[in-house]
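**Q** fold the following for me, if possible:
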Amino acid sequence: MHDDRSLIEERLGRALRERIRPAIYGAAVPLDIKVWHAPGEPVPPAEALAATYEPAEIGLPWGPAWGTAWFHFSGQVPAEWAGQEIEAVIDLGFSGGPGFSAEGLIHTTSGVPLKGLHPRQTYAPLSILGPDGTSASTGDRIEFYVEAAANPEVLGSNAFAPTDVGSKPEPGGKPIYQLARADMAVFNAEVWDLILDLEALDGLQRELSPQEPRRKEILRALSRALDVLDYENIAGTATDARAELTDVLSRPAHASAHQLSAVGHAHIDSAWLWPLRETRRKVARTVSNVATLAQEYPELVFAFSQAQQHAWVKDNYPEVWERLKKAVADGTIVPVGGMWVESDTNLPGGEALARQFVHGKRFFLDEYGIDTQEVWLPDSFGYTAALPQLVKLSGSKWFLTQKISWNKENKFPHHTFFWEGLDGTRVFTHFPPIDTYNSDLSGRELAHAQRNFAENGAATRSLVPFGYGDGGGGPTREFVATARRVANLESSPRVTIESPTEFFSAAEEEYANAPVWSGELYLEIHRATYTSQAKTKQGNRRSEHLLREAELWSAAAVVAGKLDTYPYEDLDRIWKAVLLNQFHDILPGSSISWVHREAEATYAKLAGELEAIIATAQQALAGEGSAQIVFNAAPHTRGGVAGLGAGVAVGEGQAVTIDNGVLDNGVIRVTVDDRGLITSLYDVAADREVIAPGSTANLLQLHVDTPNHWDAWDVDSFYKNNVRDVTEVDSVDFSTVEGVATVVVKRSFNRSSVTQTLRLRPGAKRLDIETSMDWHESEKFLKAAFPVDVHADRSASETQFGHIFRPTHQNTSWDAAKFEIAAHRWVHVGEPGYGVAVVNDSTYGHDINRTAREDGGTTTTIRTSLIRAPRFPDPQTDQGVHVVNHALVVGAGIPDAIEEGYRINLPERVVTGAAGIDPIVALDNGNVIVEAVKLADDESGDVVVRLYESSGGRSRATLTPGFAVGTVTEVDLLERHLADRELKDGGVSFELRPFQILTLRFTRN
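**A** Model prediction:
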């Protein structure tokens, strides 16, 4: 037989495109149209329905970018259509993919949301178009409203091109869409079914080898179906065409076929190429779609993560909320994730990441009575090694992501495995081998999942999230109908729609000896998200530490009887706002301008509120008086004031001197040359020069930064090929300011300027560096380099509740891929007996490498990433003034790095009052760190203390409360009982494994 594969495939493609798909709808009548163009931001349905509408027609231009138009559609259902399926068909002028262009939400005449509209879902069945969403019949008059959102295509055909469309619009913009269709039409279900039959079989056969008999059988069947199809009467001959496909569609899957658990999904980015306010509407559209679809397809299961999005429905769409609650109760919609949002996990602080679980899981428990078990983060940009322990402490036991399939350099070796965190906790983990979280269940994708599954031969099942996502939309009827066709189909994996819990339970049972991956799940792409949008990152870091202070001092004041009430509601609201902005496209800096400007404004507002809470509590604790009381929110003693306490500070060290460019405090001696560069940093006690020979430190280095893709997300390794050392100087001024040796260095380059203030304080083993940047570059990357004379084959980076080590060499492709790394408050390099740390107050990106010198020594260079200037999706990224702080800490072990990291992020506060206070809790082991002190969330008045082992070794400690205690219990992150603890001699003693987190709850007498 001749090979006619291409002939049949091309014939089928054209037939579908030009003949069959256009025949889905038969007879049609136009709907009457009226419109109201909403000025400015979206309005509630009641306001929109009360507006004055004007007659409109097809072709009407509507919607300036981000604008809203409300359409009123009405018409008479022809009586002669009785016995046929009838739908309203609305095309708002869709131009892009679902979630990335115009969208709509159908409402009843009383303003109740019914169903979403997007480019792949343009219909509304007659069954929901009667009065108040009831079914309509032939002969009835129907009317309904559509709230149409003119969301622009930010990621258009010219991907990553700079565009201003992501900015909050000014009034008076030009319309960007035209209404394209508004009809009532007869839905030819048999034609629609034929299309799905053809697509399922065609997709399958294309994945089979040319020699495989199954492929040839399918091709022959497809050819016969087209032969009997009358192009002039598609609807009348669709049944005959389908009959030719019955045999090849009815053959069961092989006994060894891979088992796919299909879960409906939408992955709604809480913000990205759209603002937060639009996401609220996307959620309502998607939930409405799913609830409506489930009426026709009761087997549908839809995984809905992010408690914040559920809360938006509850707060803004009461009718949709009732449908959501019912769908959850029915098992159609399954809350997953157990987090407030699908957050980034590289950048949030430890306590903030814990609170993601606290607020997420508690919402699902309070609203649905469901204790979610699976952590669901399909799209975050790498996963911290702290996560497994937090998953377990939240009461969850499984983890899912898909993003690691995006790795550029190394293919991850597993799809189902146990993930071991930095403390040794293991969590059963799955990466869907289908390599997408927006599957369409096509033959190509199903075949890829089966072939790609790394555990073939040891395990048999994987999960596939299906539905339109990123911008929402979720599964369509086509997807669910396709799942029915491929449920048990020869040469295809078996597909079963079921819940994530059903999948994980079965997968874990069959693969109890799954392999183990230890440590972080580093994503080999999107490394620039450690740096982009500096003010967003700075706002997050500052908010996290202000929240620590607000909780600590408020709890201390209430416990001491000096404050009547603890600000439960305010802190709850503020935490949720901070957690929202940790979403994986906000905090990483990869959203449009509108999102980041809004985040900056939110952070500023929250900072003001938190400062007021802190001031109230501290003044209550200090009392009335004239003494200068220093409050120390850090966990370590400084200036004679105990950690978590307040008192009168004492001076530290001898006076500093400045002589001919040399700053000296008797502990370290710093030499700054006439270019403002550090040429020497001498550790007096160690009798050791820290700066590598022939090098200068605090050297600003400017790189050309033009990644191949994903501007705000990516920095490609070739950026290092083009670097300019910024050594030009406008001025270098030396002075002593309030006993602190100070050097002010001003530089100008290109269109930008940088002012750096170096400060050496009495008694300090660190040099503080404040960098003020007036930044006006494009596609540039600025770093500060600190080359030190230390032979280090690895670096330590702070992460949540501990630190991780990464190589400074590039022995393997896995090592080389980590050319940019994330760290929280500090990084450290060391050799036996000596180390150096760089600490910061708001930056995250670093690169650390080493070179061999001619003298035989090794230079290890720490470079901290200061600022970038990508052009997409926000062409004005980071333009303007930024101030960041760093410190170079010499003779430092990791405990010193930890202490200095807290110091720079938690500056002392001075309050005029009567006297200081003892710490609310005290520890006798410096390796054990108190991360949070607060009152219990249930408003019982109990005191909750979260602490962790910080050194990476075993630690024994006794925690002594500074208040009368009744009982003490160990609790999980949600403050639920885990174990009783013994109170002895006024304290509670314990032993912690490396990096173990422990949360204690104290009742008060």
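**Q** dump the residue contacts of the residue most central in space within the chain.
**A** Geometric centre of the chain, nearest residue: residue 584, 1.8 Å, by Cα atoms, centre = their mean. For residue 584, the contacting residues are 269, 341-344, 377, 379-381, by Cβ atoms under 8 Å, 6 or more residues apart in numbering. (Glycine included, C-beta is placed from N, CA and C.)
**Q** send me stretch 326-337 as CSV with only the CA atoms.
**A** What follows is stretch 326-337 as a C-alpha-only set of coordinates in CSV (Å, rounded to 0.1, in the frame of the first residue of the first chain):
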residue,chain,number,x,y,z
LYS,A,326,-22.3,23.8,46.6
ALA,A,327,-19.7,22.6,44.1
VAL,A,328,-17.2,22.0,46.9
ALA,A,329,-19.8,20.1,48.9
ASP,A,330,-20.6,18.0,45.8
GLY,A,331,-16.9,17.2,45.1
THR,A,332,-16.9,19.0,41.8
ILE,A,333,-14.6,21.8,42.9
VAL,A,334,-11.8,20.6,45.1
PRO,A,335,-9.8,23.2,47.2
VAL,A,336,-6.1,22.4,46.9
GLY,A,337,-2.8,24.0,47.8
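**Q** what helices or strands is the biggest helix by length in the chain leaning on?
**A** For the chain, the longest helix by residue count, based on DSSP state H, is helix 593-622. Helices and strands touching helix 593-622, as assessed by 3 or more Cβ pairs under 8 Å, 6 or more residues apart in numbering; DSSP states H and E, comprise helix 534-559, helix 568-580, strand 627-632, strand 645-647, strand 909-913.
**Q** can you tell me which of those is nearest to residue 948?
**A** Closest to residue 948 of the helices and strands packed on helix 593-622 is helix 534-559 (Cβ to Cβ; 13.7 Å).
**Q** would you state the helices of the stretch 751-900 of the chain in chain order?
**A** Applying DSSP state H, counting those that start in this stretch to the stretch 751-900 of the chain gives helices spanning 813-817, 894-905.
**Q** and the shortest one, how far out from the chain middle?
**A** Same thing as helix 813-817. On the basis of Cα atoms, centre = their mean, to the nearest Å, helix 813-817 sits 24 Å off its chain's mean C-alpha point.
**Q** in that helix, what counts as buried?
**A** Within helix 813-817, the residues scored as buried using 16 or more other Cβ atoms under 10 Å are residue 817.
**Q** try the last one
**A** Residues 894, 896-905 are the ones in helix 894-905 that count as buried (16+ other Cβ under 10 Å).
**Q** may I see the residues you listed organised as JSON lines, with distance to residue 296 and pLDDT added?
**A** Below are the buried residues of helix 894-905 laid out as JSON lines (distance: Cβ to Cβ, whole Å; pLDDT from 0 to 100):
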{"residue": "894", "distance to residue 296": "59", "pLDDT": "98"}
{"residue": "896", "distance to residue 296": "64", "pLDDT": "98"}
{"residue": "897", "distance to residue 296": "59", "pLDDT": "98"}
{"residue": "898", "distance to residue 296": "57", "pLDDT": "98"}
{"residue": "899", "distance to residue 296": "61", "pLDDT": "98"}
{"residue": "900", "distance to residue 296": "61", "pLDDT": "98"}
{"residue": "901", "distance to residue 296": "56", "pLDDT": "98"}
{"residue": "902", "distance to residue 296": "57", "pLDDT": "98"}
{"residue": "903", "distance to residue 296": "61", "pLDDT": "98"}
{"residue": "904", "distance to residue 296": "58", "pLDDT": "98"}
{"residue": "905", "distance to residue 296": "54", "pLDDT": "98"}
